[in-house]
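> return a 3D structure for these sequence lines:
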Amino acid sequence: MRLVGGLGLAGQLTYKGVVGWLIELNGRLIGDVGRLIDDGRFIGVVGQLTGVLVRLIGVRRFIGVVGQLIDVGRFIRVVGRLIGVVGRLIGVVGRLLGVVGRLIGVVGRLIGVVGRLIGVVGRLIGVVGRLIGVVGRLIGVVGRLIGVVGRLIGVVGQFIGVVGQFIGVVGRLIEIVGQIIGAVGRLL
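Now for the predicted structure:
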């Protein structure tokens, strides 16, 4: 059931609380009517009506009418008591419905709070995921930089190897020149 403005669950809970309150009020009214009948005032009104009937129908018929009215009065008193009991029961049921409505309202509010907390946790998880993505990209950039540095070190190593070979060749040339000079020196 939808209420004005699409109040949703909160509107339904309020509607149930109002219905419970109306049932309780109706039960109280029925209980008051039952107490009024049980109080004897109703019997007094019946007595006044009986006096009017006596004047209208005469004394002889009055005895039979009184007997019937006494029986009717007892019946009305019993019915009044039953109505009072039913009214009290309806009042109790109305109060229970009101309590149930309030409990449903509290549960609805708690569900709303839990939903909001789940939303906040979801947003935090999203932020953490984005941060992990940024860190992953940074790690990729660092890995590429390390690869470039490794290649540079390889190039430098190759250059050092070439320089070492050049120095080795120069050393051999010097050794050969030294041997030639030594041979020339022996000849002289």
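> buried residues in stretch 167-179?
By neighbour count on 16 or more other CB atoms under 10 Å, the buried set for stretch 167-179 is empty. (Glycine included, C-beta is placed from N, CA and C.)
> what pLDDT, on average, does that stretch get?
For stretch 167-179, mean pLDDT rounds to 89.
> pull the longest helix from this structure.
Secondary structure of the chain read by DSSP state H shows that its longest helix is helix 59-187.
> and that one, what does it pack onto?
With contacts taken as 3 or more CB pairs under 8 Å, 6 or more residues apart in numbering; DSSP states H and E, helix 59-187 sits against helix 9-39, helix 41-57.
> look at residue 111 and report its pLDDT.
91.
> got it, and the one 10 residues further on?
The predicted local distance difference test score for residue 121 is 94.
> what's the separation between it and residue 144?
35 Å (CB to CB, to the nearest Å).
> again with residue 136
From residue 136 to residue 144 the distance is 13 Å (CB to CB).
> residue 125 too?
Taken as CB to CB, the span from residue 125 to residue 144 is 29 Å.
> residue 96 too?
Taking CB to CB, one finds residue 96 at 71 Å from residue 144.
> ok, residue 93 - how many residues close by?
14 (other CB atoms under 10 Å).
> one more: residue 105?
Around residue 105 there are 17 residues (other CB under 10 Å).
> again with residue 86
So residue 86, with other CB under 10 Å, has 14 neighbours.
> what does the model give it for pLDDT?
For residue 86, pLDDT reads 83.
> swap in the one 3 residues further on?
If you check residue 89, the pLDDT there is 86.
> ok, it to residue 175 distance?
For residue 89, the distance to residue 175 - CB to CB - is 124 Å.
> can you check residue 98 too?
Counting by CB to CB - residue 98 and residue 175 are separated by 113 Å.
> just residue 127 next, same as before
Per CB to CB, residue 127 is found 71 Å from residue 175.
> who's in contact with the residue lying closest to residue 89 once chain neighbours are set aside?
Excluding the flanking residues, the one nearest residue 89 by CB to CB, 6 or more residues apart in numbering is residue 27, at 7.2 Å. Residues in contact with residue 27 (CB atoms under 8 Å, 6 or more residues apart in numbering) are 86-94.
> repeat that for residue 139.
Applying CB under 8 Å, 6+ apart, no residues qualify as near residue 139.
> distance of it from residue 149?
15 Å.
> before we move on, what about residue 106?
64 Å.
> what do you get for residue 76?
Distance from residue 76 to residue 149, by CB to CB: 107 Å.
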